[in-house]
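J.: pasting a predicted model and its sequence here:
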Amino acid sequence: MDQSTRCQQITLGRFLTYTIFLFFLSVSVFSQSKINSFLKPSDTLNTSRRNAVYITEASLATISLIGLNQLWYADYPQSKFHTLNDNDEWLQMDKLGHVFSSYQMSRVGANVLEWSGESKKNQLIYGSTLGLAFLTTVEVFDGFSAEWGFSWGDMIANVSGTGLFVGQELLWDEQRLTLKYSFHQTDFAPQNPEKLGNGFLEEVLKDYNGQTYWLSANINSFFKESKIPKWLNVAVGYGADGMLSGKEDVNNLIISPQRKRQYYLSLDVDLTKIKTNSHILKSVFDVLNVIKVPFPTLELDSKNGLKAHFIYF
(Lines give C-alpha, C1' and ligand atoms only; values in the text may rest on other atoms or scores of the structure.)
Protein backbone atom coordinates (compact mmCIF):
# COMPACT_ATOMS: atom_id res chain seq x y z
CA MET A 1 0.00 0.00 0.00
CA ASP A 2 1.48 3.40 -0.95
CA GLN A 3 1.66 6.41 1.33
CA SER A 4 -1.19 8.49 -0.12
CA THR A 5 -3.66 5.60 -0.24
CA ARG A 6 -2.81 4.63 3.33
CA CYS A 7 -3.20 8.20 4.59
CA GLN A 8 -6.58 8.47 2.86
CA GLN A 9 -7.71 5.21 4.45
CA ILE A 10 -6.75 6.54 7.87
CA THR A 11 -8.50 9.89 7.49
CA LEU A 12 -11.64 8.71 5.71
CA GLY A 13 -11.90 5.67 7.96
CA ARG A 14 -11.55 7.72 11.11
CA PHE A 15 -14.12 10.27 9.92
CA LEU A 16 -16.72 7.63 9.00
CA THR A 17 -16.09 5.58 12.14
CA TYR A 18 -16.45 8.59 14.40
CA THR A 19 -19.69 9.90 12.89
CA ILE A 20 -21.34 6.47 12.76
CA PHE A 21 -20.22 5.70 16.32
CA LEU A 22 -21.57 9.00 17.63
CA PHE A 23 -24.95 8.51 16.00
CA PHE A 24 -25.56 4.89 16.93
CA LEU A 25 -24.30 5.39 20.47
CA SER A 26 -27.00 7.99 21.02
CA VAL A 27 -29.61 5.71 19.44
CA SER A 28 -28.73 2.84 21.74
CA VAL A 29 -28.87 4.94 24.91
CA PHE A 30 -31.92 7.14 24.47
CA SER A 31 -35.52 6.81 23.40
CA GLN A 32 -36.50 8.64 20.23
CA SER A 33 -37.78 11.72 22.03
CA LYS A 34 -34.73 11.86 24.25
CA ILE A 35 -32.49 11.41 21.24
CA ASN A 36 -34.12 14.40 19.56
CA SER A 37 -33.61 16.50 22.67
CA PHE A 38 -30.05 15.25 23.06
CA LEU A 39 -29.09 16.10 19.47
CA LYS A 40 -30.60 19.61 19.59
CA PRO A 41 -27.80 22.20 19.66
CA SER A 42 -27.62 24.22 22.85
CA ASP A 43 -28.70 27.87 22.63
CA THR A 44 -26.01 28.87 25.13
CA LEU A 45 -22.69 27.37 26.07
CA ASN A 46 -23.16 23.97 27.72
CA THR A 47 -19.83 23.31 29.41
CA SER A 48 -20.62 19.64 30.00
CA ARG A 49 -21.23 19.08 26.30
CA ARG A 50 -18.20 21.13 25.31
CA ASN A 51 -15.92 19.22 27.69
CA ALA A 52 -17.35 15.92 26.45
CA VAL A 53 -16.54 16.95 22.85
CA TYR A 54 -12.98 17.93 23.75
CA ILE A 55 -12.32 14.78 25.77
CA THR A 56 -13.88 12.45 23.19
CA GLU A 57 -12.04 13.97 20.25
CA ALA A 58 -8.70 14.13 22.09
CA SER A 59 -9.08 10.52 23.19
CA LEU A 60 -10.00 9.27 19.71
CA ALA A 61 -7.13 11.17 18.12
CA THR A 62 -4.59 9.95 20.69
CA ILE A 63 -5.71 6.34 20.48
CA SER A 64 -5.68 6.48 16.67
CA LEU A 65 -2.15 7.91 16.52
CA ILE A 66 -0.74 5.53 19.15
CA GLY A 67 -2.37 2.57 17.42
CA LEU A 68 -1.11 3.73 14.04
CA ASN A 69 2.43 4.10 15.36
CA GLN A 70 2.44 0.68 17.03
CA LEU A 71 0.54 -1.34 14.45
CA TRP A 72 1.98 0.21 11.28
CA TYR A 73 5.18 2.24 11.67
CA ALA A 74 6.75 -0.15 14.19
CA ASP A 75 7.02 -2.77 11.40
CA TYR A 76 9.24 -0.52 9.29
CA PRO A 77 12.71 0.96 9.95
CA GLN A 78 12.96 4.55 11.15
CA SER A 79 15.12 7.19 9.49
CA LYS A 80 16.06 10.83 9.72
CA PHE A 81 13.25 13.19 8.84
CA HIS A 82 12.97 13.43 5.06
CA THR A 83 10.48 14.54 2.41
CA LEU A 84 8.94 12.76 -0.57
CA ASN A 85 7.58 14.27 -3.79
CA ASP A 86 4.58 12.16 -4.84
CA ASN A 87 2.69 14.91 -6.65
CA ASP A 88 2.77 13.09 -10.00
CA GLU A 89 1.05 9.94 -8.73
CA TRP A 90 -2.54 8.73 -9.30
CA LEU A 91 -3.30 11.72 -11.56
CA GLN A 92 -3.64 13.72 -8.30
CA MET A 93 -6.68 11.74 -7.13
CA ASP A 94 -4.90 11.03 -3.83
CA LYS A 95 -4.43 14.76 -3.26
CA LEU A 96 -8.15 15.38 -3.73
CA GLY A 97 -8.71 12.64 -1.14
CA HIS A 98 -6.67 14.69 1.32
CA VAL A 99 -8.59 17.87 0.47
CA PHE A 100 -11.89 16.04 0.99
CA SER A 101 -10.81 14.45 4.28
CA SER A 102 -9.48 17.65 5.85
CA TYR A 103 -12.59 19.57 4.76
CA GLN A 104 -14.96 17.00 6.24
CA MET A 105 -13.01 16.64 9.48
CA SER A 106 -13.03 20.42 9.91
CA ARG A 107 -16.75 20.54 9.20
CA VAL A 108 -17.58 17.75 11.63
CA GLY A 109 -15.37 19.23 14.33
CA ALA A 110 -17.09 22.61 14.08
CA ASN A 111 -20.59 21.09 13.89
CA VAL A 112 -20.08 18.95 16.97
CA LEU A 113 -18.84 21.98 18.90
CA GLU A 114 -21.89 23.94 17.70
CA TRP A 115 -23.97 21.25 19.40
CA SER A 116 -22.42 22.34 22.71
CA GLY A 117 -23.38 26.00 22.19
CA GLU A 118 -19.79 27.16 21.74
CA SER A 119 -19.15 30.50 20.00
CA LYS A 120 -18.74 30.65 16.22
CA LYS A 121 -15.14 31.79 16.60
CA ASN A 122 -14.21 28.81 18.75
CA GLN A 123 -16.09 26.45 16.42
CA LEU A 124 -13.90 27.58 13.53
CA ILE A 125 -10.69 27.44 15.55
CA TYR A 126 -11.48 23.97 16.84
CA GLY A 127 -12.79 22.62 13.55
CA SER A 128 -9.88 23.96 11.53
CA THR A 129 -7.25 22.56 13.88
CA LEU A 130 -8.86 19.16 14.46
CA GLY A 131 -8.29 17.51 11.10
CA LEU A 132 -5.21 19.54 10.21
CA ALA A 133 -3.38 18.63 13.42
CA PHE A 134 -4.22 14.95 13.02
CA LEU A 135 -3.18 14.81 9.36
CA THR A 136 0.00 16.77 10.03
CA THR A 137 0.98 14.29 12.74
CA VAL A 138 0.50 11.42 10.28
CA GLU A 139 2.71 13.23 7.76
CA VAL A 140 5.41 13.70 10.42
CA PHE A 141 5.27 9.96 11.16
CA ASP A 142 5.84 9.39 7.44
CA GLY A 143 8.77 11.78 7.49
CA PHE A 144 10.58 9.68 10.08
CA SER A 145 9.84 6.38 8.32
CA ALA A 146 12.40 5.00 5.87
CA GLU A 147 9.54 3.49 3.84
CA TRP A 148 7.82 6.82 3.11
CA GLY A 149 8.46 10.52 3.60
CA PHE A 150 6.82 13.80 4.51
CA SER A 151 4.79 14.97 1.50
CA TRP A 152 4.43 18.70 0.98
CA GLY A 153 1.82 17.94 -1.65
CA ASP A 154 -0.30 16.18 0.95
CA MET A 155 0.14 19.07 3.37
CA ILE A 156 -0.94 21.63 0.77
CA ALA A 157 -4.02 19.50 0.08
CA ASN A 158 -4.79 19.24 3.81
CA VAL A 159 -4.52 23.01 4.28
CA SER A 160 -6.67 23.58 1.18
CA GLY A 161 -9.50 21.43 2.53
CA THR A 162 -9.47 23.18 5.89
CA GLY A 163 -9.21 26.56 4.16
CA LEU A 164 -12.27 25.83 2.02
CA PHE A 165 -14.34 25.22 5.14
CA VAL A 166 -13.06 28.15 7.21
CA GLY A 167 -13.04 30.59 4.28
CA GLN A 168 -16.71 30.04 3.50
CA GLU A 169 -17.71 30.48 7.13
CA LEU A 170 -15.82 33.77 7.31
CA LEU A 171 -17.11 34.99 3.93
CA TRP A 172 -20.71 33.77 3.91
CA ASP A 173 -21.35 32.31 7.38
CA GLU A 174 -22.44 29.10 5.65
CA GLN A 175 -21.15 26.33 3.41
CA ARG A 176 -22.35 27.20 -0.08
CA LEU A 177 -19.74 24.92 -1.66
CA THR A 178 -19.53 21.38 -0.30
CA LEU A 179 -17.01 18.67 -1.10
CA LYS A 180 -18.63 15.30 -1.79
CA TYR A 181 -17.62 11.80 -2.79
CA SER A 182 -19.04 9.04 -4.98
CA PHE A 183 -17.79 5.59 -5.95
CA HIS A 184 -18.41 2.77 -8.41
CA GLN A 185 -16.54 -0.51 -8.71
CA THR A 186 -14.16 -0.96 -11.66
CA ASP A 187 -12.35 -3.78 -13.46
CA PHE A 188 -8.95 -2.52 -12.34
CA ALA A 189 -8.98 -3.52 -8.67
CA PRO A 190 -8.91 -7.31 -9.35
CA GLN A 191 -5.79 -6.80 -11.48
CA ASN A 192 -3.85 -5.17 -8.63
CA PRO A 193 -5.76 -5.80 -5.37
CA GLU A 194 -2.76 -4.98 -3.17
CA LYS A 195 -2.87 -1.34 -4.24
CA LEU A 196 -6.49 -0.97 -5.36
CA GLY A 197 -8.26 -3.14 -2.78
CA ASN A 198 -9.71 -6.61 -2.44
CA GLY A 199 -13.48 -6.45 -2.14
CA PHE A 200 -15.93 -3.55 -2.07
CA LEU A 201 -15.02 -2.03 1.30
CA GLU A 202 -11.31 -1.87 0.50
CA GLU A 203 -11.94 -0.63 -3.03
CA VAL A 204 -14.07 2.27 -1.75
CA LEU A 205 -10.94 3.63 -0.05
CA LYS A 206 -8.18 2.42 -2.39
CA ASP A 207 -9.41 2.20 -5.99
CA TYR A 208 -8.94 5.71 -7.34
CA ASN A 209 -10.39 4.59 -10.68
CA GLY A 210 -13.85 4.34 -9.14
CA GLN A 211 -13.71 7.46 -6.99
CA THR A 212 -15.09 10.85 -7.97
CA TYR A 213 -14.66 14.01 -5.92
CA TRP A 214 -17.28 16.71 -6.34
CA LEU A 215 -17.56 20.42 -5.62
CA SER A 216 -21.28 20.81 -5.03
CA ALA A 217 -22.71 24.35 -5.09
CA ASN A 218 -26.03 25.24 -3.53
CA ILE A 219 -27.83 27.38 -6.12
CA ASN A 220 -30.28 29.09 -3.76
CA SER A 221 -27.44 30.25 -1.52
CA PHE A 222 -26.14 32.39 -4.38
CA PHE A 223 -29.62 33.50 -5.55
CA LYS A 224 -31.55 33.81 -2.30
CA GLU A 225 -34.52 35.63 -3.83
CA SER A 226 -35.08 32.95 -6.46
CA LYS A 227 -37.69 30.19 -6.31
CA ILE A 228 -35.07 27.50 -6.87
CA PRO A 229 -35.49 24.75 -4.24
CA LYS A 230 -33.14 25.38 -1.32
CA TRP A 231 -31.87 21.80 -1.46
CA LEU A 232 -30.93 21.80 -5.17
CA ASN A 233 -27.22 21.86 -6.04
CA VAL A 234 -25.16 21.80 -9.20
CA ALA A 235 -21.94 19.80 -8.96
CA VAL A 236 -18.71 19.56 -10.91
CA GLY A 237 -16.59 16.46 -10.41
CA TYR A 238 -13.12 15.11 -11.10
CA GLY A 239 -12.07 11.50 -11.52
CA ALA A 240 -9.43 9.40 -13.26
CA ASP A 241 -9.33 6.00 -14.93
CA GLY A 242 -6.91 3.42 -16.28
CA MET A 243 -4.60 3.39 -13.24
CA LEU A 244 -3.11 0.18 -11.88
CA SER A 245 -0.40 1.94 -9.89
CA GLY A 246 0.57 5.43 -8.80
CA LYS A 247 2.70 6.06 -11.86
CA GLU A 248 2.60 4.73 -15.42
CA ASP A 249 4.84 1.73 -14.70
CA VAL A 250 2.48 -1.20 -15.22
CA ASN A 251 5.00 -3.89 -16.09
CA ASN A 252 3.96 -7.49 -15.42
CA LEU A 253 0.30 -6.55 -15.02
CA ILE A 254 -2.49 -8.07 -17.09
CA ILE A 255 -3.22 -5.00 -19.22
CA SER A 256 -1.66 -1.63 -19.91
CA PRO A 257 -4.68 0.68 -19.72
CA GLN A 258 -4.79 4.25 -20.88
CA ARG A 259 -4.65 6.63 -17.96
CA LYS A 260 -7.09 9.48 -18.36
CA ARG A 261 -8.64 12.37 -16.47
CA GLN A 262 -12.42 12.70 -16.25
CA TYR A 263 -14.53 15.81 -15.65
CA TYR A 264 -18.21 15.73 -14.71
CA LEU A 265 -21.23 18.02 -14.55
CA SER A 266 -24.34 16.96 -12.66
CA LEU A 267 -27.10 17.96 -10.26
CA ASP A 268 -27.01 17.15 -6.56
CA VAL A 269 -29.00 17.48 -3.33
CA ASP A 270 -27.82 19.34 -0.24
CA LEU A 271 -29.45 17.15 2.40
CA THR A 272 -28.76 19.70 5.14
CA LYS A 273 -31.13 22.14 3.38
CA ILE A 274 -34.13 19.80 3.65
CA LYS A 275 -36.52 21.24 6.23
CA THR A 276 -37.29 19.06 9.23
CA ASN A 277 -37.94 19.62 12.93
CA SER A 278 -36.33 16.29 13.79
CA HIS A 279 -32.79 16.67 15.08
CA ILE A 280 -32.35 12.96 14.48
CA LEU A 281 -32.99 13.43 10.76
CA LYS A 282 -30.82 16.54 10.72
CA SER A 283 -27.95 14.50 12.15
CA VAL A 284 -28.51 11.70 9.65
CA PHE A 285 -28.66 14.18 6.76
CA ASP A 286 -25.48 15.85 7.99
CA VAL A 287 -23.62 12.53 7.97
CA LEU A 288 -24.98 11.40 4.59
CA ASN A 289 -24.29 14.76 2.96
CA VAL A 290 -20.70 13.69 2.29
CA ILE A 291 -22.05 11.44 -0.50
CA LYS A 292 -22.99 12.84 -3.92
CA VAL A 293 -26.59 11.90 -4.80
CA PRO A 294 -26.70 9.96 -8.12
CA PHE A 295 -28.12 12.01 -11.02
CA PRO A 296 -27.87 12.10 -14.82
CA THR A 297 -24.35 13.31 -15.57
CA LEU A 298 -22.25 14.66 -18.42
CA GLU A 299 -18.67 13.37 -18.61
CA LEU A 300 -15.73 14.82 -20.51
CA ASP A 301 -12.56 12.73 -20.48
CA SER A 302 -9.11 13.40 -21.86
CA LYS A 303 -9.23 10.45 -24.30
CA ASN A 304 -12.77 9.94 -25.62
CA GLY A 305 -14.46 13.33 -25.41
CA LEU A 306 -18.01 13.96 -24.19
CA LYS A 307 -20.57 11.35 -23.15
CA ALA A 308 -23.71 11.18 -21.01
CA HIS A 309 -24.66 8.89 -18.12
CA PHE A 310 -28.33 8.27 -17.35
CA ILE A 311 -27.32 7.80 -13.70
CA TYR A 312 -23.77 8.20 -12.44
CA PHE A 313 -22.36 6.93 -9.14
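T.: Thanks, I have the structure now. Source: prediction; values computed, not measured.
J.: residues making contact with the helix or strand where residue 66 lies?
T.: According to DSSP states H and E, residue 66 maps onto helix 47-71. Contact with helix 47-71 is made by 10, 14, 18, 42, 109, 112-113, 115-118, 130, 133-134, 137-138, 141, as judged by C-beta atoms under 8 Å, 6 or more residues apart in numbering. Any C-beta I mention is one placed from the backbone N, CA and C, and that applies to glycine too.
J.: how about stretch 127-135?
T.: 7, 11, 14, 57, 61, 64-65, 98, 101-111, 113, 154, 158-159, 161-162, 165-166.
J.: rewinding a little: which ones among the contacts of helix 47-71 map onto strands?
T.: Using DSSP state E, no member of the contacts of helix 47-71 falls within strands.
J.: mind checking pLDDT for the residue nearest the centre of the chain?
T.: Centroid-nearest residue in the chain, with C-alpha atoms, centre = their mean: residue 101, separated by 3.2 Å. If you check residue 101, the pLDDT there is 92.
J.: just checking, it is part of a strand?
T.: No: secondary structure of residue 101 (DSSP: H, G, I helix; E, B strand; the rest coil): helix, not part of a strand.
J.: surely it is in contact with residue 161?
T.: Yes: using C-beta atoms under 8 Å, residue 101 is in contact with residue 161, at 6.7 Å.
J.: at which residues are the helices of the stretch 201-313 of the chain located?
T.: 219-222, 279-288 (DSSP state H, counting those that start in this stretch).
J.: can you check the stretch 51-200 of the chain too?
T.: Under DSSP H, counting those that start in this stretch, the stretch 51-200 of the chain gives helices at 93-115, 120-143, 152-172, 193-196, 200-206.
J.: so how many other residues sit close to residue 45?
T.: Other residues within reach of residue 45, judged by other C-beta atoms under 10 Å, total 12.
J.: same check on residue 75?
T.: Residue 75 - counted by other C-beta under 10 Å - has 9 other residues nearby.
J.: what about stretch 218-225, average pLDDT?
T.: Stretch 218-225 carries an average pLDDT of 94.
J.: and residue 203, what pLDDT?
T.: Residue 203 carries a pLDDT score of 93 in this model.
J.: and it, how far from residue 114?
T.: The span separating residue 203 from residue 114 equals 34 Å under the rule C-beta to C-beta, to the nearest Å.
J.: settle it for me: which of these two has more neighbours?
T.: Legend: neighbour count by other C-beta under 10 Å for residue 203 and residue 114, higher for residue 203 (23 against 18).
J.: isn't that one right next to residue 185, touching?
T.: Yes: Residue 203 lies in contact with residue 185 (C-beta under 8 Å); the separation is 6.0 Å.
J.: what's in contact with stretch 195-204?
T.: Contact with stretch 195-204 is made by 1-2, 5, 183, 185-186, 188-189, 193, 205-210, 244-246, as judged by C-beta under 8 Å, 6+ apart.
J.: just the buried residues of the residues you listed.
T.: By neighbour count, with 16 or more other C-beta atoms under 10 Å, these hold 2, 5, 183, 185-186, 188-189, 205-210, 244-246 as buried.
J.: closest one of those residues to residue 292?
T.: residue 183 (9.4 Å; C-beta to C-beta).
J.: read off the pLDDT value for the closest one.
T.: Here the pLDDT value assigned to residue 183 is 97.
J.: ok, residue 46 next?
T.: Model confidence at residue 46 (pLDDT) stands at 89.
J.: what's the burial count for residue 306?
T.: By other C-beta under 10 Å, the residues close to residue 306 number 9.
J.: same thing with residue 38?
T.: The number of residues packed near residue 38 is 15, by other C-beta under 10 Å.
J.: mind checking what secondary structure it has?
T.: Here residue 38 is recorded as helix under three-state DSSP.
J.: ok, residue 160 to residue 279 distance?
T.: On the measure of C-beta to C-beta, residue 160 and residue 279 end up 31 Å apart.
J.: which secondary structure element of this structure has the lowest mean pLDDT?
T.: When the helices and strands of the chain are scored by mean pLDDT, DSSP states H and E, helix 3-29 comes last with a mean of 50.
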